[in-house]
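K.L.:
Starting from these lines, generate the structure:
(chains A and B)
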Amino acid sequence: MAVTKTSSVPDMVVLSGELWQELLKLVTAQYKVIGPVRRGSEHVFAPVKDPRVLDMAYVTTILPPKKVFHQPFQVLFSFDAEEGTLAEAESGEEKVVWGIHPCDMHAIAILDKVYGVEYPDPYYLRNRENTIIVAKNCTEIGEDCFCLSMGTGPALRSGYDLLLTDLGGRYLVEVGTAKGRKLLSGLDVPPAPRVVLVEKEKRLSQARQRFRKRMVTQGIQELLEENFRHPIWEELMRECLACGSCTMVCPTCFCYNVVDKMDLDLKTGRRQREWDSCMLLEYAQVALGQNFRRDRDARIKQRIYHKLLYYEPQFGTLGCVGCGRCIGACVKRIDITDVVSRLAESVESER
Amino acid sequence: MSTKPKVSVYKLSSCAGCQLEFLNLEPVLLDVVGAIEFSYFPMARRRYEPGPYDIGFVEGAVTCGEEIEKLKKARQECRVLVALGSCACYGGLPSIKNWTPERVIVSRVYENPALVHSIKAYGIDEYVQIDAYLKGCPINKEELVEFIKGTLLGTRPYLRPHSVCVECKLNEYECISIIRREPCMGPVTTAGCGALCPSRGKACDGCRGPANDANAESLARTFSEYGLHRSDIVRRFRKFAGLTQEFSRGADAV
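P.N.:
Coordinates of the predicted model:
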């Protein structure tokens, strides 16, 4: 994409205090903004009208920002069976998603391959095209985060329209695209001196020291292939509640179910899709009640093997971005990094 | 004579809260009445029309011999027979008594136990084959309407078979189990309520009975880690669906 300079907005600015507030005010006044806000003791991405509710210090959210593009419930079209007519669902207005972390940005890059390459999905692509992404590098690391080992954080290199880095009371704002530059066009600020990049790198390398979780990805394919039968799967089968939370909160899960919602006249209605999950028993059920993954351990393995083994041939990347949501959302604290390291340890001790 | 599908609503041992939900459909009730004929619905209509009926909804648990007779007659006169609410599905709240001797239960309430001839409380599929389960205490109105629409169209209505957690996540409700360490039944309970209790900040009570592949033993162990006494864990699993295989495993787990 050619970056055409609108007015004289520099590629890199530092905003603090009033200027930062002014940017937030300008953007929320001009666009529908979706950003991190508190919900109880957790956070969610939600529409933001008043920038004061934005909580830029959030560590993670219940659902990933994936939900803006691949929506939990999406109406595909409405229909009238008697008239034999269809009406496409209207596309939403242009919006800004504010403060997406690098792990979730990498997840969106994976979804772009899922929904944009072999079978382009018009609904996803439309949501993607009319959205401006303001990403934010991570300077605070959550207890379940392990993006560092997945190579997906805490710093972002590409894919954003604007990129924020918290320099402590002031934000470094880097322009990625013309769409991003447009957001800054109402501000009159000088370009930031190159030396702020040193400050940025300092904060990010401090963040890299603070990771408490890691996943060893070297040789992970062989490790999983060789341990399809391992006592750990039976143990997980006894523990796992099969509730589906891990997949519901995953930023790279893309499965959905399609349901027709009829009106009471039994003639008109809407076709709608909603998120589905391979952790749920009914997912692999086919005609006459046959089920390909009746056993819970088969479904647990499907989740972990898909993320860490089967994504690679499908999409050329691992399917896990290290956001840690599946760990945080599990009532039984089943931990994908722990499963992998225990497999590795057991192989090690056999040698 | 109306050509609309004829519907009957029966009541066994219950509080009538589930059949009340038909009347609580008020915003769409006229549309519903436009699509079906309530031919036998004592709570709502004084006039009864004789069977056969197209859809029969049975509310309540079976707790005495007369109810078995009534239920078998209902099965005979209805093309589609539906368990309406958790009492009809699993025995529901009345089934709490099932783990205490009948004579003790009866004498707790009645002065003269000789006049009472109740039996253990069962869901209706203990006695007759049924075609669908509408779970919940009470049932969910949207699910009821979905069911009616599907039946009229001859399609399988989408009744969520999975856990309440899925609906909590889809709606981004704060996790009451993880954040507050409260004994939430959501991970093993059938969704379809829209995660109603968690949406109001209350742990799921398990009123809709076991979800697909519910792992109640594992959840019982978690409740124990949360500091719940064994007897409280048993009560949690026996409140609405203690007779089901899944929840009885939860009650026996610790």
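K.L.:
if you go through chain B in chain order, where are the helices?
P.N.:
Listed in chain order, the helices of chain B (DSSP state H) span B:17-23, B:26-35, B:65-77, B:86-90, B:102-109, B:141-153, B:164-170, B:176-180, B:196-199, B:216-225, B:230-238, B:245-252.
K.L.:
Give me the buried stretch members for the fifth one, please.
P.N.:
Buried residues in helix B:102-109, defined by neighbour count with 16 or more other CB atoms under 10 Å in any protein chain shown: B:105-106. The C-beta positions use only the backbone N, C-alpha and C, and glycine is treated the same way.
K.L.:
Please apply the same query to the fourth one.
P.N.:
Buried positions in helix B:86-90, judged by neighbour count with 16+ other CB under 10 Å: B:86-90.
K.L.:
And the first one, by the same measure?
P.N.:
Burial within helix B:17-23, assessed by neighbour count using 16+ other CB under 10 Å, is assigned to B:18-19, B:21-22.
K.L.:
for chain B, which spans come out with low pLDDT?
P.N.:
By pLDDT under 70, the weakly predicted segments of chain B are B:1-2.
K.L.:
change it to 90
P.N.:
Across chain B, the ranges flagged by pLDDT under 90 are B:1-3, B:26-27, B:29-34, B:109, B:113-115, B:254.
K.L.:
who in it is up against chain A?
P.N.:
Along chain B, the residues adjacent to chain A under the rule CB under 8 Å from any CB of the partner chain are B:28, B:31-32, B:34-35, B:145, B:149, B:152-153, B:155, B:158, B:161-163, B:165-166, B:168-170, B:172, B:174-175, B:177-179, B:184, B:186-188, B:211-215, B:217-219, B:222.
K.L.:
Got a quick ChimeraX command for the buried subset of the residues you listed?
P.N.:
With 16+ other CB under 10 Å as the criterion, this ChimeraX line picks the buried residues out of those:
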select /B:32,35,145,149,152,158,162,163,165,166,168,169,170,172,174,175,177,178,184,186,187,188,211,212,213,214,215,217,218,219,222
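K.L.:
who's B:Ser8 bridged to?
P.N.:
B:Tyr40, B:Gly56 (DSSP bridges).
K.L.:
Excluding covalently adjacent residues, which one is nearest to A:Lys32?
P.N.:
The shortest distance from A:Lys32 to any non-neighbouring residue, by CB to CB, 6 or more residues apart in numbering or on different chains, is to A:Lys95 (4.2 Å).
K.L.:
neighbours of the one you found, just the number please.
P.N.:
16 (other CB atoms under 10 Å in any protein chain shown).
K.L.:
Kindly report the same for A:Arg351.
P.N.:
Considering only other CB under 10 Å, A:Arg351 is surrounded by 4 other residues.
K.L.:
That one and A:Gln221, how far apart?
P.N.:
According to CB to CB, to the nearest Å, A:Arg351 and A:Gln221 sit 19 Å apart.
K.L.:
hmm, back to that, can you name the two of the buried residues of helix B:17-23 that sit furthest apart?
P.N.:
The largest separation in these, counting by CB to CB, is between B:Cys18 and B:Phe22 at 8.4 Å.
K.L.:
In this structure A:Ile304 contacts A:Val339, no?
P.N.:
Yes: A:Ile304 is in contact with A:Val339 according to CB atoms under 8 Å; the separation is 6.3 Å.
K.L.:
helices or strands next to the worst-scoring helix or strand of chain A on mean pLDDT in the packing?
P.N.:
Among the helices and strands of chain A, strand A:85-88 carries the lowest confidence by mean pLDDT, DSSP states H and E, at a mean of 88. Under the contact criterion of 3 or more CB pairs under 8 Å, 6 or more residues apart in numbering or on different chains; DSSP states H and E, strand A:85-88 touches strand A:73-80.
K.L.:
Strand partners (parallel or antiparallel) of the strand it packs on?
P.N.:
strand A:85-88 (antiparallel), strand A:268-275 (antiparallel).
K.L.:
Could you save the ones you listed as CSV and add columns showing distance to B:Ile55 and mean neighbour count?
P.N.:
Output for the strands paired with strand A:73-80, formatted as CSV (distance: least, CB to CB, whole Å; neighbours: other CB atoms under 10 Å in any protein chain shown):
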stretch, distance to B:Ile55, mean neighbour count
strand A:85-88, 30, 11
strand A:268-275, 20, 18
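K.L.:
Let's have those strands in TSV, adding distance to A:Lys332.
P.N.:
Below are the strands paired with strand A:73-80 laid out as TSV (distance: least, CB to CB, whole Å):
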stretch	distance to A:Lys332
strand A:85-88	42
strand A:268-275	21
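K.L.:
Out of the ones you listed, the one nearest A:Met12 is which?
P.N.:
Short answer: strand A:268-275, nearest of the strands paired with strand A:73-80 by CB to CB, at 37.7 Å.
K.L.:
what is the orientation angle of that closest one with helix B:141-153?
P.N.:
Counting by axes from the mean of the first three to the mean of the last three CA atoms, to 10 degrees, strand A:268-275 lies at 120 degrees to helix B:141-153.
K.L.:
Alpha carbons only: can I get strand A:268-275 in PDB?
P.N.:
This file holds the C-alpha atoms of strand A:268-275, laid out as PDB (Å, rounded to 0.1, in the frame of the first residue of the first chain):
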ATOM      1  CA  THR A 268     -39.100 -14.700   7.000                       C
ATOM      2  CA  GLY A 269     -35.900 -14.900   9.000                       C
ATOM      3  CA  ARG A 270     -32.200 -14.400   9.200                       C
ATOM      4  CA  ARG A 271     -29.300 -16.800   8.600                       C
ATOM      5  CA  GLN A 272     -26.700 -16.200  11.300                       C
ATOM      6  CA  ARG A 273     -23.400 -17.700  12.200                       C
ATOM      7  CA  GLU A 274     -21.900 -18.000  15.700                       C
ATOM      8  CA  TRP A 275     -18.600 -19.300  17.100                       C
END
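K.L.:
got a list of what residue 45 touches?
P.N.:
Picked chain A for this. Shown in contact with A:Phe45 (CB atoms under 8 Å, 6 or more residues apart in numbering or on different chains): A:34-37, A:61, A:63, A:65, A:67-68, A:97.
K.L.:
meant chain B, my bad for not saying
P.N.:
By CB under 8 Å, 6+ apart, B:Arg45 lies in contact with B:Phe38.
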